[in-house]
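> need a structure here:
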Amino acid sequence: MDPEIVALFDMDETLCDHDGALIKDLEKMRGPHELRLSKLHHPLPNYLYNRSKFIRATEDWWANLPKFKLGWDILKVAQKIGFKIMILTQGPKNKPHAWSGKMKWLSKYLPGVDVTMTRDKGLVYGRVLVDDFPPYIERWLKRRPRGLVIMPAHEGNKEFSHPQVIRYDGKNLRVVKKALKEAYSRGRHAAAT
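Below is the predicted model:
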């Protein structure tokens, strides 16, 4: 593993199934005349937004999020190639319980992995970013003209397109592997000669 060849991994909707857990918990609060919620549409109506704030108000909720398979597929490939894995996550403003819950989650599933919690992902170095959220991706790419982004696919990012972004939907792992290998190798051959 080369400590300079970093792959940054987001948490929510990348390694953690934030939305799936939130939908499941919102369903528990659904009134008898309300429609079932199968996906989150942003912005949420006020009543759902307030319920989601209530649900996400505990450290335990964040600490017990289920794994998100697409992100873990990518993580396994990046580890096998030799990337130094680092977590790059944003903590919700004024919610320290979310930050501490995320750290508990990481201690359980990825002990020893370096973590950066930030309000601006564009400031953090990495050769690769694995993230699902287009605004964070755009901010990060603004400073990385050769950076590669692997984006776990979901409903909220299906329209996003960028020449440096590969959207991973569970069916194109071969494309992801090839791009990660190329990103890892970039510049190594010239330095070795």
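> is it true that Ala183 touches Gly126?
No - if you go by CB atoms under 8 Å, Ala183 and Gly126 don't touch, sitting 10.0 Å apart. Any C-beta I mention is one placed from the backbone N, CA and C, and that applies to glycine too.
> how close does the closest residue to Met151 other than its chain neighbours get to Val130?
Among residues not flanking Met151 along the chain, Arg167 sits closest, at 4.8 Å (CB to CB, 6 or more residues apart in numbering). Separation of Arg167 from Val130 (CB to CB, to the nearest Å): 11 Å.
> residue boundaries of the strands in this protein?
Ranges of strands in the chain, per DSSP state E, are 6-9, 84-90, 114-118, 128-130, 148-152, 165-168.
> burial measure for Arg146, as a count.
10 (other CB atoms under 10 Å).
> for the protein, which segments count as helices?
18-28, 46-55, 59-63, 69-81, 96-109, 134-142, 173-185, 188-192 (DSSP state H).
> between the fifth one and helix 69-81, how many degrees?
Between the axes of helix 96-109 and helix 69-81, defined by axes from the mean of the first three to the mean of the last three CA atoms, to 10 degrees, the angle is 50 degrees.
> list the contacts of helix 96-109.
11, 15-16, 56-65, 67, 87, 89, 91-92, 113, 115, 117 (CB atoms under 8 Å, 6 or more residues apart in numbering).
> buried residues in that helix?
By neighbour count on 16 or more other CB atoms under 10 Å, the buried set for helix 96-109 is 97-98, 101-103, 105-106.
> with just CA atoms, put that helix into PDB.
These are the backbone C-alpha positions of helix 96-109, laid out as PDB (Å, rounded to 0.1, in the frame of the first residue of the first chain):
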ATOM      1  CA  PRO A  96     -22.400  16.400  17.400                       C
ATOM      2  CA  HIS A  97     -24.400  13.200  18.100                       C
ATOM      3  CA  ALA A  98     -24.200  12.400  14.400                       C
ATOM      4  CA  TRP A  99     -20.500  12.900  14.400                       C
ATOM      5  CA  SER A 100     -19.900  10.700  17.400                       C
ATOM      6  CA  GLY A 101     -22.400   8.100  16.000                       C
ATOM      7  CA  LYS A 102     -20.500   8.000  12.700                       C
ATOM      8  CA  MET A 103     -17.200   7.400  14.600                       C
ATOM      9  CA  LYS A 104     -18.900   4.500  16.500                       C
ATOM     10  CA  TRP A 105     -20.000   3.000  13.200                       C
ATOM     11  CA  LEU A 106     -16.500   3.300  11.800                       C
ATOM     12  CA  SER A 107     -15.000   1.700  14.900                       C
ATOM     13  CA  LYS A 108     -17.300  -1.200  14.400                       C
ATOM     14  CA  TYR A 109     -16.900  -1.700  10.600                       C
END
